[in-house]
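Predicted model follows, preceded by the sequence.
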Amino acid sequence: TRQLRGAILARSLYYQSLPEVDPSLRDQAVRLASVAGRYEPPILETLVAYTYRLAGGEHVWIARIYSLSAWIIGGIALFVLAASLTSPIAALVCLAYYLFLPFSVQASRSFQPDPAMVMWLTLSFTALYFWSSHRSWKWAILAGVFGGMAILTKATALYILAILALVLIIDTLGFWKAMKNLQVWSIATLMLTPSITFYLLQNQARASEYFSSWTLALSHLLLQPAVYARWFNLVQSLVGLVPLLLALTGVLIASRRVKVLLLGLWGGYFIYGLTVPYQMYTHTYYHLPLIPILALSLAPVAQVILKELQAQNWFWKTLFSAIAIAGILFPASLSILQFRNDDYRHEPAYWYKIGQLLPTDGKILALTQDYGYRINFYGWRKVILWRPVGEQELAEMR
């Protein structure tokens with residue numbers, strides 16, 4: 001659904017940027033994009049639209065290049081941070097998990113803002129930790145800029161960053177000293193100014209609607225134990241139960257400074273989850289910020305195991321290397337099989353044909369997938385949605 005939404009918005013921006021396009025076609029692209037909710041600035045969609053112009057046509061796979069690049073840059077930041085916390089070898093374990101987890105492989109290719117948000121978040125984690133270690137203006141400015149971009153890309157990043165920054169700042173300076181520190185205020189200003197400008201001045205109604213409909217109206221779910229059980233069940237199905245338990249163990253055995261960082265990250269993720277309780281057990285991509293947090297938490301465990309391994313002879317080290325390679329190849333093969341099983345190549349022609357067959361002398365009421373985005377994007381038709389059962393249940397929850 002989110003990928004189709006991104007493609008619809010990018011198409012609208014693309015046609016608006018073409019001076020020689022048929023005006024009626026441009027108007028139709030804009031009209032079709034009006035049905036897509038806009039809760040964050042269309043950063044990725046704008047990049048993709050202008051890349052369409054350079055490529056000479058509308059090629060949706062271009063969005064994957066941007067998302068994949070963002071995910072890899074986030075992996076580099078994760079490696080640098082994990083290496084500074086433990087060792088380069090332990091950091092490779094974190095990076096391998098981050099890159100080859102099947103959920104990572106699938107989500108990092110998606111046409112939506114979340115991979116870029118994860119990149120900015122990971123860069124922010126790194127900059128905030130280095131600032132807490134060195135207290136230099138360089139790291140303060142980078143932490144503010146990276147955090148500001150993360151929140152601007154997707155506002156839900158605010159909760160994780162706010163808790164992490166609060167924990168690190170108080171641990172580094174203490175509360176009262178932090179209140180008088182110019183670098184602390186600079187970090188906060190740089191983090192919040194871009195989003196305040198967009199959400200309050202340009203998109204205030206949408207931001208208010210999102211907060212009221214997804215946080216306030218569904219806050220009663222926080223009192224239901226089943227919600228937390230479903231949340232945990234979805235998480236362990238995405239990231240693996242064993243890695244999840246090892247990561248939590250890593251928090252417990254980490255050194256004091258590392259423990260503060262990890263507790264801030266996990267606490268931020270939990271507070272973030274409390275603000276969107278419904279999505280935490282229904283939407284997989286809402287858990288993407290957990291992947292770098294979990295990967296980083298594996299570093300202390302990997303460090304202990306690798307330290308013990310150093311005392312072993314060459315045979316056991318070689319056997320360990322073989323197990324590690326198998327541990328990478330197995331999830332990688334699962335990812336490839338998943339993509340081969342999910343074949344959507346028939347979708348464009350199918351929905352285009354439906355769009356051509358529908359009458360044009362009135363409005364169309366449709367019971368269809370993905371909020372009507374398939375008929376919108378491939379069939380160039382706007383429909384009124386017949387509310388499906390899931391939406392009826394959600395309305396009753398509210």
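On my side now, so go ahead.

Which positions within the worst-scoring helix or strand of the chain on mean pLDDT qualify as buried?
Lowest mean confidence among the helices and strands of the chain (mean pLDDT, DSSP states H and E): helix 204-210, at a mean of 74. Neighbour counts over helix 204-210 (16 or more other Cβ atoms under 10 Å) mark 207, 210 as buried. For glycine as for every other residue, the C-beta is placed from the backbone atoms N, C-alpha and C.

Next secondary structure after that helix?
Sequence-wise, the next helix or strand downstream of helix 204-210 (DSSP states H and E) is helix 225-239.

Distance from that next one to the middle of the chain?
18 Å (Cα atoms, centre = their mean, to the nearest Å).

neighbours around Leu221, how many?
Using other Cβ atoms under 10 Å, Leu221 has 18 other residues around it.

isn't it right up against Arg398?
No - with contact defined as Cβ atoms under 8 Å, Leu221 and Arg398 do not form a contacting pair (10.4 Å).

which residues of the stretch 151-300 of the chain fall in helices?
157-173, 175-179, 182-195, 204-210, 225-239, 241-253, 256-275, 279-282, 290-309 (DSSP state H, counting those that start in this stretch).

mind checking the longest helix of this structure?
Identified as the longest helix of the chain according to DSSP state H is helix 314-341.

Can you say which of the helices of the stretch 151-300 of the chain is nearest to Ile76?
helix 290-309 (11.4 Å; Cβ to Cβ).

Just the buried residues of the closest one, please?
290-303, 306.

Send me that helix as CSV with only the CA atoms.
Taking Å, rounded to 0.1, in the frame of the first residue of the first chain, the C-alpha atoms of helix 290-309 are listed here in CSV:
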residue,chain,number,x,y,z
LEU,A,290,14.2,-1.7,15.8
ILE,A,291,16.6,-3.4,13.4
PRO,A,292,19.6,-1.1,14.0
ILE,A,293,18.8,-1.0,17.7
LEU,A,294,18.7,-4.8,17.9
ALA,A,295,21.8,-5.2,15.7
LEU,A,296,23.8,-2.8,17.9
SER,A,297,22.7,-4.7,21.0
LEU,A,298,24.2,-7.9,19.6
ALA,A,299,27.7,-6.3,19.7
PRO,A,300,28.4,-7.0,23.5
VAL,A,301,27.3,-10.6,23.0
ALA,A,302,29.4,-11.0,19.9
GLN,A,303,32.4,-9.5,21.7
VAL,A,304,32.2,-12.0,24.5
ILE,A,305,31.9,-15.0,22.1
LEU,A,306,34.8,-13.8,19.8
LYS,A,307,37.0,-13.2,22.8
GLU,A,308,36.5,-16.8,23.9
LEU,A,309,37.1,-18.0,20.4
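
May I have the least confident helix or strand of the chain as CSV, with CA atoms only?
What follows is helix 204-210 as a C-alpha-only set of coordinates in CSV (Å, rounded to 0.1, in the frame of the first residue of the first chain):
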residue,chain,number,x,y,z
GLN,A,204,-0.8,21.3,10.7
ALA,A,205,-4.2,19.8,9.9
ARG,A,206,-2.8,16.5,8.7
ALA,A,207,-0.4,16.2,11.7
SER,A,208,-3.3,16.9,14.1
GLU,A,209,-5.5,14.4,12.3
TYR,A,210,-2.8,11.7,12.5
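
Against which helices or strands is that helix packed?
Packing contacts for helix 204-210, counted by 3 or more Cβ pairs under 8 Å, 6 or more residues apart in numbering; DSSP states H and E, involve no helix or strand.

How confident was the prediction at Phe198?
The score at Phe198 is 88. That number is its pLDDT.

Give me the nearest residue to it, chain neighbours excluded.
For Phe198, ignoring the flanking residues on the chain, the nearest one in space by Cβ to Cβ, 6 or more residues apart in numbering is Pro41 at 5.5 Å.

I'd like the distance between the residue sitting furthest away from the middle of the chain and Ile323.
Distance from the C-alpha centroid of the chain, by Cα atoms, centre = their mean, peaks at Asn313 (41.9 Å). According to Cβ to Cβ, to the nearest Å, Asn313 and Ile323 sit 16 Å apart.
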